[in-house]
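1. Here's a sequence, model it:
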Amino acid sequence: MNNQAVGNRADSFSDGNYDYPGGPSSQGQPVQAPAPSDPARKALLDVRHEVGKAVVGQDATVTGMLIALLCGGHVLLEGVPGVAKTLLVRALSTALSLDTKRVQFTPDLMPGDVTGSLVYDTHTSEFTFREGPVFTNIMLADEINRTPPKTQASLLEAMEERQVSVDGFSRPLPSPFIVAATQNPVEYEGTYPLPEAQLDRFLLKLSMPLPGRAEEIEVIRRHSEGFDPRNLQAAGVRPVAGAAELKNARDAVAEVTVAPEILGYIVDVVRATRAAPSFQLGVSPRGATALLNTSRAWAWLSGRNFVTPDDVKALSLPCLRHRVALRPEAQMDGVHVDDVLGSILASVPVPR
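-> Alright, predicted model coming up:
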């Protein structure tokens, strides 16, 4: 099922072949609607509506970004140019009243251009630290695979430790803080593939597809009526939540219960990736933890205080696809990572 099948339902998350809960794969069982009495949940669902005023046809990606914020994780956005990756991040930060900064990653970008550096002050005759663009709430790392590994590595400490160390001093980053990195899936000339150690630090990898015909007509219609992607205020995007609501939501997600059978199911799915003949690298324990956390966040967004196997399936592709590596022979045979993960999900016994 593709992203177009999602529509504007507040209780759906679609990515790849799955639409859980409530989609065809869940045998038509009813989904408990998000409880309107929870102010934090209502605020985040309102955020999706506000982002939709600027971005058309990317509801699943918006939901994935909200899940990342709920879990305090980073997102790798993959899509061809022109599918509104930058606009989505800007609209999301506006609706959440969060600060955002964009960095265009280029071959000549230096680590200090991202993290900040010491600058000599002629008035005081001392070196002072000048903060880089990483000191923000949502950092948009545009085309992250176009900068050399040295600059890519400058983000590792910020992504993992939420701090930047310069000249022996560690400086904490604002809270919340996530990195939203983009990359082009079809153009590899002059790029530097992200190492596995860095890929594993991204909570989710979300694919942003081209819009369907009806959605593309809606995009063109908005532009014909004067929509300016550089002026979100004129588009009607307004702040409907903030850091306080996000913190309350994170606290609520932490209260979502996970049965021992679900924990076992998550481990079985992850261990199956390590035994898959098409993979030369399976998912690490960090990936299992990420799948657990995102499943809890999605369950809470769906209005439940417990995790189901469908929640785990819903997040398996975006949470695991960048943590595995195909064998060269599988690549030559045209095997796709999502297809292998889909086969694993179909073969691993589901707890009842």
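2. Mean pLDDT per helix and strand in the chain: which one sits at the bottom?
-> strand 18-20 (a mean of 38; mean pLDDT, DSSP states H and E).
3. pLDDT below threshold where in the chain?
-> Along the chain, the parts satisfying pLDDT under 70 run over 1-37, 187-188.
4. right, and the secondary structure at Pro318 would be what?
-> helix (DSSP: H, G, I helix; E, B strand; the rest coil).
5. before we move on, back to that, buried set for the very next helix or strand once past the least confident helix or strand of the chain?
-> Using DSSP states H and E, the next helix or strand after strand 18-20 towards the C-terminus is helix 39-52. For helix 39-52, the neighbour count (16 or more other Cβ atoms under 10 Å) marks Ala40, Arg41, Lys42, Ala43, Leu44, Leu45, Asp46, Val47, Arg48, Glu50, Val51, Gly52 as buried. From N, CA and C alone the C-beta is placed, and that goes for glycine too.
6. could I get these as a markdown table with distance to Glu218?
-> Listed next are the buried residues of helix 39-52 as a markdown table, based on distance: Cβ to Cβ, whole Å:
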| residue | distance to Glu218 |
| --- | --- |
| Ala40 | 30 |
| Arg41 | 27 |
| Lys42 | 26 |
| Ala43 | 26 |
| Leu44 | 24 |
| Leu45 | 21 |
| Asp46 | 21 |
| Val47 | 20 |
| Arg48 | 16 |
| Glu50 | 17 |
| Val51 | 15 |
| Gly52 | 10 |
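7. Pick the one among those closest to Arg250.
-> Checking these against Arg250 with Cβ to Cβ, the nearest one is Ala40 at 8.8 Å.
8. Could you check how far that closest one is from Cys71?
-> 15 Å (Cβ to Cβ, to the nearest Å).
9. Over to Glu245?
-> Between Glu245 and Cys71 the computed distance is 16 Å (Cβ to Cβ).
10. Looking at those two, which is more packed in?
-> Set Glu245 next to Cys71 and count neighbours by other Cβ atoms under 10 Å: Cys71 wins out with 23 against 20.
11. just checking, that one touches Ser295?
-> No. Contact criterion Cβ atoms under 8 Å: Cys71 and Ser295 do not qualify, at 10.0 Å.
12. got the contact list for the nearest residue to Leu203 once chain neighbours are set aside?
-> Distances taken as Cβ to Cβ, 6 or more residues apart in numbering place Gly73 nearest to Leu203, at 2.6 Å, with adjacent residues excluded. Applying Cβ atoms under 8 Å, 6 or more residues apart in numbering to Gly73 gives the contacts Ile178, Phe202, Leu203, Leu204, Ala290, Asn293, Thr294.
13. Tell me if the fourth one really is in a helix.
-> Read that as Leu204. No. According to three-state DSSP, Leu204 belongs to no helix; its state is strand.
14. shift numbering so it begins at 39
-> Yes, from this point I'll number from 39; that puts the last item at Leu242.
15. does it really touch Leu114, like I thought?
-> Yes. Leu242 is in contact with Leu114 according to Cβ under 8 Å; the separation is 7.2 Å.
16. Who wins on neighbours among the contacts of Gly111?
-> That'd be Leu241 among the contacts of Gly111, by other Cβ under 10 Å, with 30 neighbours.
17. Check the gap between that residue and Ala218 for me.
-> Leu241 is 11 Å from Ala218, by Cβ to Cβ.
18. Quickly list what's touching both of the two.
-> In contact with both Leu241 and Ala218: His112, Val113, using Cβ under 8 Å, 6+ apart.
19. quick check, Val257 in a strand?
-> No. Counting by three-state DSSP, Val257 is located in no strand; its state is helix.
20. Brilliant, that's me finished.
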